[in-house]
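Chemist: Provided below for reference: sequence and predicted model.
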Amino acid sequence: MTIPAYPSELPPPLRADFADQSGEGRSFFRPDAGPAVPSLRFAAVSDVVPFSTQLERWQLGVFDKFYEETTKKGALPFTIPAPLIDGFAMLDENLDVLLDENDQPLLYTETMLVMFADQGLPARSQIDVEAYRVTFRLARLPS
């Protein structure tokens, strides 16, 4: 089975609303006295990624088809470009941009394996006649 990709026609998340939070894989033993003692409960933990994007009316149709049909209303995983890494220029130790043989910047390309998270299915709000804001939460799956 091929894992589908988030539609490339859709814009990346809004930077102001994007956050990346590590999942909780610890368990705490609480003795009668003193601080709680942490231990590893799970080796593989999904991280929560809140996602918000602004779409034009035609892009909303692309998103809805992706959500409804491709991911079976959020039941199937998919890949999406990693917003904090993908598309950014690579730097050397002096923070200079690395260039290829044609003097074009070398860019990172990285994707995340995700699913729509519990308590975070897509919510839509209309900004104006042709613009919509879509927010949802993704669970980044261990890979």
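Modeler: Arrived safely. Numbering: from 1, shown residues only.
Chemist: what about Pro35, is that helix, strand or coil?
Modeler: coil (DSSP: H, G, I helix; E, B strand; the rest coil).
Chemist: that one and Thr70, how far apart?
Modeler: 47 Å (C-beta to C-beta, to the nearest Å). Yep, even glycine has a C-beta here, placed from its N, CA and C like the rest.
Chemist: and those two? Which one has more around it.
Modeler: Each of Pro35 and Thr70 has its neighbours counted (other C-beta atoms under 10 Å); Thr70 has more, 14 against 8.
Chemist: wait, is Gln54 part of a strand?
Modeler: Yes: assignment of Gln54 by three-state DSSP places it within a strand.
Chemist: show me what contacts it?
Modeler: Pro11, Leu14, Ile127, Ala131, Tyr132, Arg133, Val134 (C-beta atoms under 8 Å, 6 or more residues apart in numbering).
Chemist: highest neighbour count among these?
Modeler: Counting by other C-beta under 10 Å, top hit in those: Val134 with 20 neighbours.
Chemist: count of neighbours near Asp96?
Modeler: Asp96: 10 neighbours (other C-beta under 10 Å).
Chemist: renumber starting at 35 from here on
Modeler: Sure, I'll start numbering at 35, so the last one becomes Asp130.
Chemist: look up how far Leu140 lies from it.
Modeler: 11 Å.
Chemist: Ala116 is in contact with Thr145, isn't it?
Modeler: Yes: if you go by C-beta atoms under 8 Å, Ala116 and Thr145 touch, sitting 6.2 Å apart.
Chemist: residues touching Tyr40, list them.
Modeler: Phe100, Phe112, Thr113, Ile114, Pro115.
Chemist: give me the buried positions along stretch 163-177.
Modeler: Within stretch 163-177, the residues that count as buried by 16 or more other C-beta atoms under 10 Å are Tyr166, Val168, Thr169, Phe170, Arg171, Leu172, Ala173, Arg174.
Chemist: for Asp81, state which of those is nearest.
Modeler: Distance ranking of the buried residues of stretch 163-177 against Asp81, using C-beta to C-beta, places Arg174 first at 4.3 Å.
Chemist: wait, doesn't that closest one sit right on Phe85?
Modeler: No: using C-beta under 8 Å, Arg174 is not in contact with Phe85; the gap is 10.8 Å.
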